[in-house]
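[1] Any chance you could fold what I've pasted below:
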Amino acid sequence: MLDKYLLFTPGPVNVAETLRTAICKEDICHREPDFDALMGGIEQKLLSLFQIRNRKRYRAVVITGSGTAANEAILSSVVGKGAILILSNGEFGGRLHKTSCIHNKHTHLIELPWGTPFDAAQVAAYLTAHKIDVVAMVHHETCSGMLNPLAEIGALAKAAGALFVVDGVSSVGAEVIDMEACHIAFVSSSSSKAIGSYPGLSFVVGRKKHFKRLKHHAPKTTYLNLATFYAFLKHNSQTPNTPAVPLFFALDQALTDILRIGVMKRYAHIKARADLLREGMRRLNLDFLIDEADMCSILTTVRVPPSISVRDLRDRLREKSIIIYEGKGCFAGKIFQVGNIGELSEYDIRFFLAALKEVLLTLQAEAAEVVAAVTPKGASLVMLPTPDRLQAKVVS
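    Here you go, the predicted model:
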């Protein structure tokens, strides 16, 4: 067993030593110039991360809370009395819908099975048939690993006169998100995924003109009111409530590290790690849930081989200091997920692939021994398919 867990997950992640140092910086007050400067620096670095060309048109607010907090801030603050259309093809699209229904009376939904690509024609027809003010979509659906199309949906939203808001919680920091070209009004994300910092902070980047209009909507929340966050940012470069200051130091350092490398080089590095993992798992004859062309570069979703329990696979890998994800919802027991963000080296990835091979061979051998032990002499073994795995049936 290693001296630390290797987190092959979509977040939280193994953080860099620079962040461990940054989070232990001196204590400062969030109502003093020290924090104003820290907040201002983070905002400018976030705009650089998004490679926004006309920076004067955009602002970024930081929230103490997970990515879901940023999503709820958008959904509760942007719609007002209007209508919002949620596009859902996975767990987190479903969460957007659930959250919007709490805050917005006129919430519409186009829902597809998990891992199914959106049909642009269906979305366009819906927008033609209904008066929609806001369209919301998850960029990377972590439950399947699918990357949804920003440019295509953004163009449809613009043509319908609707704002386009995006859940970028698990894609920001790993995938290109061109807010200007894709007509994105607001995008959310988190500190603890592809950006590589600690959990506990989220942020919303948006057009300044759309932030300004939020004050005309009646508040639906107190803590997560985006209009309030924008007012404090604009006038004081602060947050409305007491923030988790050490996490701000860590986020600032994570962004500094990314920008020092270069945004596009960072994306290429993450993609290269994903390619290495996928090539290694293909060599183990493992099948992926979705086409690689539809995958985000931070995560690979793998079908569990017949006769193997995903829980046993997870537990055996944990014994080797490797942490992976199990499937959720309709994918429970059928898939496992392997992330490649955070401080994972090429050596770590090759260590994982070797460990995965060893564990798979061991579990398959153990399953074969169990079948052999319970098969009566002279019986033949027939394998019958079931939805999640193959079961053995003895025929005398």
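[2] Show residues contacting stretch 305-313.
    Contacts to stretch 305-313, defined as CB atoms under 8 Å, 6 or more residues apart in numbering, come from residues 285-286, 304, 324, 326-327, 333-336, 359-360, 363-364, 367-368, 383, 389-390. Using the backbone N, CA and C atoms, a C-beta is placed for each residue, glycine as well.
[3] just stretch 271-288 next, same as before
    292, 295, 297-303, 305, 338, 340, 344, 346, 349-350, 352-353, 356-357, 360.
[4] on that earlier part again, taking the contacts of stretch 305-313, please make a ChimeraX selection of just the buried ones.
    In ChimeraX, this line selects whichever of the contacts of stretch 305-313 come out buried by 16 or more other CB atoms under 10 Å:
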select :286,304,324,326,327,334,335,336,359,360,363,367,389
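[5] Relative to Ile341, how far out is Phe248?
    Plainly put, Phe248 is 21 Å away from Ile341 if you go by CB to CB, to the nearest Å.
[6] Oops, could you answer that again for Lys334 instead?
    From Lys334 over to Ile341 (counting by CB to CB), the distance is 23 Å.
[7] Next: Leu163.
    In terms of CB to CB, Leu163 sits 29 Å off from Ile341.
[8] of these two, who's got more company?
    Ranked by neighbour count (other CB atoms under 10 Å), Leu163 and Ile341 place Ile341 first, with 27 against 24.
[9] Now that one: which helix or strand?
    Using DSSP states H and E, no element contains Ile341; it sits outside every helix and strand.
[10] Pull the contacting residues for it.
    Neighbour list for Ile341: Pro10, Gly11, Val13, Gly173, Ala174, Lys193, Ala194, Gly196, Ile270, Ile298 [criterion: CB under 8 Å, 6+ apart].
[11] Now for these: which two are most distant?
    Gly11 and Ile270 (12.9 Å; CB to CB).
[12] Give me the common contacts of those two.
    Joint contacts of Gly11 and Ile270 (CB under 8 Å, 6+ apart) are Ala194, Ile341.
[13] Which one's more surrounded, these two?
    Neighbour count, other CB under 10 Å: between Gly11 and Ile270, Gly11 has more, with 25 against 22.
[14] Backbone dihedrals for the residue nearest to the more buried one when sequence neighbours are not counted, both of them.
    Nearest residue to Gly11, sequence neighbours excluded (CB to CB, 6 or more residues apart in numbering): Lys193, at 3.6 Å. Note on Lys193: its backbone torsions stand at phi -110, psi -110 [degrees, to the nearest 10].
[15] hang on, Lys193 packs against Gly173?
    Yes - look at Lys193 against Gly173 with CB atoms under 8 Å: they come within range, at 6.9 Å.
[16] these two touch, right, Phe50 and Val205?
    Yes - Phe50 is within contact range of Val205, at 6.1 Å (criterion: CB under 8 Å).
[17] which residues are in contact with both of these two?
    Tyr58, Met179, Val187.
[18] tell me the SS of the last one?
    In three-state terms, and counting by DSSP: H, G, I helix; E, B strand; the rest coil, Val187 is strand.
[19] For burial, what's the neighbour tally of it?
    Neighbours of Val187 using other CB under 10 Å come to 26.
[20] Could you look up the SS state of the residue nearest the centre of the chain?
    In the chain, the centroid-proximal residue (CA atoms, centre = their mean) is Ser170; its distance is 2.1 Å. Following three-state DSSP, Ser170 is assigned to coil.
[21] That one: what's it in contact with?
    Pro10, Gly11, Gly67, His139, His140, Thr142, Ser190, Lys193, Ala194, Cys296, Ile298, Leu299.
[22] one more time with 6 Å, if that's ok
    Listed by CB atoms under 6 Å, 6 or more residues apart in numbering, the contact set of Ser170 reads Pro10, His140, Thr142, Lys193.
[23] before we move on, what about Leu247?
    Tyr198, Gly200, Leu201.
[24] run the last query once more with 8 Å
    Leu247 touches Ile23, Thr64, Ser191, Ser197, Tyr198, Gly200, Leu201, counting by CB under 8 Å, 6+ apart.
[25] show me where the stretch 201-350 of the chain has helices.
    208-213, 226-236, 245-261, 263-283, 310-319, 346-374 (DSSP state H, counting those that start in this stretch).
[26] out of the contacts of stretch 271-288, which are buried?
    295, 297-303, 305, 338, 340, 344, 349, 352-353, 356, 360.
[27] Can you give the domain ranges for this protein?
    17-261, 263-395 (automatic domain parsing).
[28] same question for the first one, mean pLDDT?
    Mean pLDDT, domain 17-261: 98.
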